[in-house]
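Chemist: Sequence first, predicted coordinates after that:
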Amino acid sequence: MKLGKLIESLPFSKCPEGSEQIEIETIEMDSRAARSGALFVCVKGFTVDGHDFASQAEEKGAAAIIAERPLDVSVPVIIVSDTTQALAELSNCFYGEPTRNMNLIGVTGTNGKTTVTYLLEQIFNRFNQKTGIIGTIQMKIGDETIPSENTTPDALLLQKTFHKMQDAHVDTAIMEVSSHALDLGRVHGCDFDVAIFTNLSQDHLDYHKDMDEYLHAKSLLFSRLGNIYGNTGRKFAILNADDKHFDYLKRSTAQHILAYGIENDADIKAENVELAVTHTAFKLVTPLGETEIYSHLIGMFNIYNMLAAAGAAIAKGVPLNIIKEAFEAIPGVDGRFEAVREGQDFAVIVDYAHTPDSLENVLLTIKEFAKGKVYVVVGCGGDRDRSKRPLMAGIAVKHADQAILTSDNPRTEDPDRILDDMAEGLDPAVYTRITDRKEAIEHAVNLAEPNDIILIAGKGHETYQIIGHTKIDFDDRVAAREAIRRKGE
Ligand SMILES: CC(=O)N[C@H]1[C@@H](OP(=O)(O)OP(=O)(O)OC[C@H]2O[C@@H](n3ccc(=O)[nH]c3=O)[C@H](O)[C@@H]2O)O[C@H](CO)[C@@H](O)[C@@H]1O[C@H](C)C(=O)N[C@@H](C)C(=O)N[C@H](CCC(=O)O)C(=O)O
Ligand SMILES: Nc1ncnc2c1ncn2[C@@H]1O[C@H](COP(=O)(O)OP(=O)(O)OP(=O)(O)O)[C@@H](O)[C@H]1O
Ligand SMILES: N[C@H](CCC[C@H](N)C(=O)O)C(=O)O
Ligand SMILES: [Mg+2]
């Protein structure tokens, strides 16, 4: 694409005289990836400033540069007021506005996003549609999987991925939209057709100043719904009527709303709820009619996830029998309430609960069914919200018979300092502290007797542990399986 054409996507920006005809073959935001024909966009990050790498990009062959200030380089520089926003606009234009004609569903909220996206994948596949997924576990285009670094990638990778999805004839793209992504403009230019809100509780207060700012970031998905290409078809906001932020979110959008809930009045409801250790059953009540659901997903919170997914599917015209089939077929989601079965006479559940609310939900669910003692092995991530640490440890101690506090992903923090934060104010008699996660899991396994349940929380599907800047192989499921085998020897 010609530079002149590409720059038309940036209001009030102009190419330097004579540079309009430069052929742009790729957009890059990392100087190390720059090559001949690249348009390098200098982005100010949290660690370094991309402007400092402009010369390196030039050396690698970049044909032009987008920056917020003049640079000492010999290739054309286009000055904009905000390179992060420009990156989104340029990427969207370069990749042919891929979400304009694609059905795009965005899911936001503190907990349940990944689960809802996998429920929607099942539904739309059964509705004979090809799907794409962007989220925490991975990105997926049909059956092809691509590892993901972020839950919601930066605008460049995002638009590139949508473009690939378009080439692969994806009908419906389903993505998790994190509050970071909304705040940092990563989803700028995405034309969402349906936006789902799961719930809001404490997390990420390292990044957002307070809960109001966190809520505001989440609300951007709804306030911007339908604002991109004008009124191109119906847009729907699927909102949780039982969440205390419902009214705020309802007021934030001018689009159609489908509310779901169990306690409060809603368009999509669950009635006659039956929660069991093996399954969950309820009557799904919708504007299209009613149907009985029998699901393998455990816990009340998963009913909310199913109601949210049902809302989005109904908004897109999926019949109720398909929704029912999908909910009944899905065996579970990787690393979410996943049982480790190695022939042992106690239960081991690996779950991705890494917030106070999700930890409490999952522990209460387990307690409801436990015939023996409940053990929890839990840690908190480093370089993340410090204020959630004592809350999570308090919840672990309150609801489990024995809490074993350990490391999650310490990242660049001292693991013992994270554990100090968790244990603050707790009586040392009520918890065990084992810094090494493998040893902590082994300890719980060795304590367990018949009918006891061990919850290993926080890392779910993750197959690594981040220590410093290094990712080492680590998988809670593998660690548990090995410990169970050793116990049996
Ligand atoms: C805090 C944060 O969001 N950081 C993201 C950010 O990294 P950063 O700001 O540190 O980037 P940087 O290293 O300063 O680099 C700035 C610029 O210089 C460029 N650069 C850098 C070095 C070089 O040699 N040459 C060069 O050009 C970089 O390519 C970049 O364009 O930009 C990176 C590339 O897009 C992201 O991968 C990275 O996410 C990190 C991994 C992260 O942990 N983010 C978390 C906080 C996050 O975003 N989480 C949310 C939600 C989680 C949830 O659902 O609970 C998510 O969506 O993942
Ligand atoms: N609707 C829900 N409400 C509260 N807790 C939930 C809900 N759904 C799932 N959980 C809990 O939260 C954990 C994470 O679920 P999931 O991965 O679906 O959420 P997420 O929003 O994608 O998380 P992340 O922000 O890390 O991407 C689950 O393992 C479970 O313990
Ligand atoms: N997307 C979440 C994942 C947290 C997972 C947990 N294992 C941790 O590392 O804190 C985050 O970046 O806050
Ligand atoms: Mg997720």
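Modeler: Noted; the coordinates are in hand. Numbers count the residues shown, from 1 in each chain. Ligands and ions are numbered 1, 2, ... in the order given.

Chemist: Please spell out the segments of the stretch 201-350 of the chain that come in under the pLDDT threshold.
Modeler: 230-232 (pLDDT under 70).

Chemist: Can you name the residues that contact the closest residue to His169 other than its chain neighbours?
Modeler: Leaving aside its sequence neighbours, His169 sits nearest to Lys130 (Cβ to Cβ, 6 or more residues apart in numbering; 5.8 Å). Just so you know, the C-beta spots here come from the backbone N, C-alpha and C atoms, and that holds for glycine as well. Residues near Lys130 by Cβ atoms under 8 Å, 6 or more residues apart in numbering: Gly142, Ala168, His169, Val170, Asp171, Thr172.

Chemist: Quantify the burial of whichever residue of the chain sits closest to ligand 1 by counting its neighbouring residues.
Modeler: Distances between the chain and ligand 1 by Cβ to the nearest ligand atom are smallest at Gly45, namely 2.1 Å. Residue neighbour count, defined by other Cβ atoms under 10 Å, stands at 10 for Gly45.

Chemist: Near ligand 4, which residues of the protein are found?
Modeler: Within reach of ligand 4 by Cβ under 5 Å from the ion, the chain has these residues: Lys113, Thr114, Thr136, Glu176.

Chemist: what's near enough to touch the third one?
Modeler: Translated: Thr136. Contacts of Thr136 by Cβ under 8 Å, 6+ apart are Lys113, Thr114, Ser148, Thr151, Glu176, His461.

Chemist: Who are the contact partners of the closest residue to ligand 3 within the chain?
Modeler: Nearest to ligand 3, among the residues of the chain, is Gly381, at 2.0 Å (Cβ to the nearest ligand atom). Counting by Cβ under 8 Å, 6+ apart, Gly381 touches His354, Asp408, Asn409, Pro410, Arg411, Gly458.

Chemist: Ok, Gly37 next?
Modeler: By Cβ under 8 Å, 6+ apart, Gly37 lies in contact with Glu23, Ile24, Glu25, Thr26, Gly61, Ala63.

Chemist: now do Met139
Modeler: By Cβ under 8 Å, 6+ apart, Met139 lies in contact with Gly132, Ile133, Thr145, Ile146, Pro147, Ser148, Pro153, Thr161.

Chemist: So the fourth one sits against Gln138, correct?
Modeler: Think Ile146. Yes - judged on Cβ atoms under 8 Å, Ile146 makes contact with Gln138 at a distance of 6.4 Å.

Chemist: okay, how far is it across stretch 445-462, tip to tip?
Modeler: Using Cα to Cα, to the nearest Å, one end of stretch 445-462 lies 20 Å from the other.

Chemist: Would you mind listing the buried residues in that stretch?
Modeler: Within stretch 445-462, the residues that count as buried by 16 or more other Cβ atoms under 10 Å are 445, 447-448, 452-462.

Chemist: Can I get those in TSV including distance to ligand 1, pLDDT and secondary structure?
Modeler: Formatted as TSV, the buried residues of stretch 445-462 follow (distance: Cβ to the nearest ligand atom, whole Å; pLDDT from 0 to 100; DSSP: H, G, I helix; E, B strand; the rest coil):
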residue	distance to ligand 1	pLDDT	secondary structure
Val445	28	98	helix
Leu447	31	97	helix
Ala448	30	97	coil
Asp452	30	97	coil
Ile453	26	97	strand
Ile454	24	98	strand
Leu455	20	98	strand
Ile456	19	98	strand
Ala457	15	98	strand
Gly458	12	98	coil
Lys459	13	98	coil
Gly460	12	98	coil
His461	13	98	coil
Glu462	13	98	coil
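
Chemist: Of those, which pair is most distant in space?
Modeler: Using Cβ to Cβ, the buried residues of stretch 445-462 span at most 25.4 Å, a distance reached by Leu447 and His461.

Chemist: overlap between the contacts of Thr136 and the residues near ligand 2?
Modeler: Applying Cβ under 6 Å from any ligand atom to the contacts of Thr136, one finds that Lys113, Thr114, Thr151, Glu176 fall near ligand 2.

Chemist: Could you pick out which of the residues you listed are located in strands?
Modeler: Glu176 (DSSP state E).

Chemist: closest to Arg336 among the ones next to ligand 2 among the contacts of Thr136?
Modeler: Nearest to Arg336, judged by Cβ to Cβ, of these is Thr114 at 7.2 Å.

Chemist: That closest one contacts Arg336, doesn't it?
Modeler: Yes - between Thr114 and Arg336 there is a contact at 7.2 Å, judged by Cβ under 8 Å.

Chemist: shared neighbours, those two?
Modeler: Each of Tyr352 lies in contact with both Thr114 and Arg336 under the rule Cβ under 8 Å, 6+ apart.

Chemist: so Leu71, which of the three states?
Modeler: coil (DSSP: H, G, I helix; E, B strand; the rest coil).

Chemist: same thing with the one 4 residues further on?
Modeler: Secondary structure, three-state DSSP: Val75 is coil.

Chemist: neighbours of it, just the number please.
Modeler: For Val75, the neighbour count with other Cβ under 10 Å is 19.

Chemist: Quick check: it touching Ala63?
Modeler: Yes - if you go by Cβ under 8 Å, Val75 and Ala63 touch, sitting 6.2 Å apart.

Chemist: The stretch 301-450 of the chain against ligand 2: which residues are in contact?
Modeler: The stretch 301-450 of the chain comes close to ligand 2 at residues Phe301, Tyr304, Asn305, Arg336, Asp351, Tyr352, Ala353, Asp357, Ser358, Asn361, Val362, as judged by Cβ under 6 Å from any ligand atom.

Chemist: go on, the stretch 151-300 of the chain?
Modeler: Within the stretch 151-300 of the chain, the positions lying close to ligand 2 (Cβ under 6 Å from any ligand atom) are Thr151, Glu176, Thr198, Asn199.
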